[in-house]
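*Asks:* Need coordinates for the below:
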Amino acid sequence: MSDYLDLATLSEICGAGPALKLLAEKGGGRIYVPSQLPDDHWLVALLGSSAARALSAHVATGHGGAQVELSRGPAGRFTEYRAQLASEVAKGGSAVEIARRLRITERSVRRARRRQRAADDKRQGRLF
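*Replies:* Model (predicted):
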């Protein structure tokens with residue numbers, strides 16, 4: 001079973017500070033949350049013992065644990081992401097290199113390049 005957790009849900013489970021830390025570190029990806037967290041687990045180190053255990057108790061019902069898909073984080077991060085992507089595309093480089101640096105798909109890089117070329121084309125007027 002794979003759950004999806006956004007910032008609001010994570011904040012309710014383990015608090016706003018730990019939720020933001022988790023999304024900053026692993027946002028947009030999947031993590032495995034075991035039902036039994038040892039003291040040296042990376043979640044305990046990142047979130048603190050009580051927040052990590054609260055997350056585990058919420059999502060890892062059952063014996064082994066659970067896969068959890070995390071949102072990218074606060075809505076304001078999208079604007080930051082678009083600006084960073086546009087900057088990297090303007091610098092040049094292969095789609096593979098840019099995608100790996102920004103931890104996004106190559107398709108996203110290709111779409112950003114198309115948007116940039118369309119914006120630079122002065123022969124074409126804008127509808128909106």
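
*Asks:* what about the strands in this structure?
*Replies:* With DSSP state E as the criterion, the chain has strands at 2-5, 30-34, 65-70.

*Asks:* Find me the pLDDT at G92, would you?
*Replies:* On pLDDT, G92 comes in at 89.

*Asks:* any idea how far it lies from Y4?
*Replies:* G92 is 35 Å from Y4, where distance means CB to CB, to the nearest Å. Quick note: C-beta positions are derived from backbone N, CA and C, even for glycine.

*Asks:* What of L37?
*Replies:* Applying CB to CB to L37 and Y4 gives a distance of 21 Å.

*Asks:* Tell me which of the two has more neighbours.
*Replies:* Remark: of L37 and Y4, L37 carries more neighbours, 20 against 10, as counted by other CB atoms under 10 Å.

*Asks:* just checking, the more buried one touches A52?
*Replies:* Yes. Between L37 and A52 there is a contact at 5.6 Å, judged by CB atoms under 8 Å.

*Asks:* Give me the common contacts of the two.
*Replies:* L43, V44 (CB atoms under 8 Å, 6 or more residues apart in numbering).

*Asks:* which sections of this protein are below the confidence cut-off?
*Replies:* Segments of the chain classed as low confidence (criterion: pLDDT under 70) are 1-2, 75-77, 124-128.

*Asks:* go again using 80 as the cut-off
*Replies:* Applying pLDDT under 80 to the chain picks out residues 1-2, 61-63, 72-81, 119-128.

*Asks:* How about the contacts made by G29?
*Replies:* E69, L70 are the contacts of G29 under CB under 8 Å, 6+ apart.

*Asks:* Any chance of the backbone angles for it?
*Replies:* When quoted as degrees, to the nearest 10, the phi and psi of G29 stand at phi -120, psi -170.

*Asks:* OK, contacts around G48?
*Replies:* Applying CB under 8 Å, 6+ apart, the residues near G48 are P18.

*Asks:* quick one on the thing from earlier: dump the strands of the chain into CSV; add distance to S11 as well.
*Replies:* CSV is the format used below for those (distance: least, CB to CB, whole Å):
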stretch, distance to S11
strand 2-5, 10
strand 30-34, 16
strand 65-70, 13
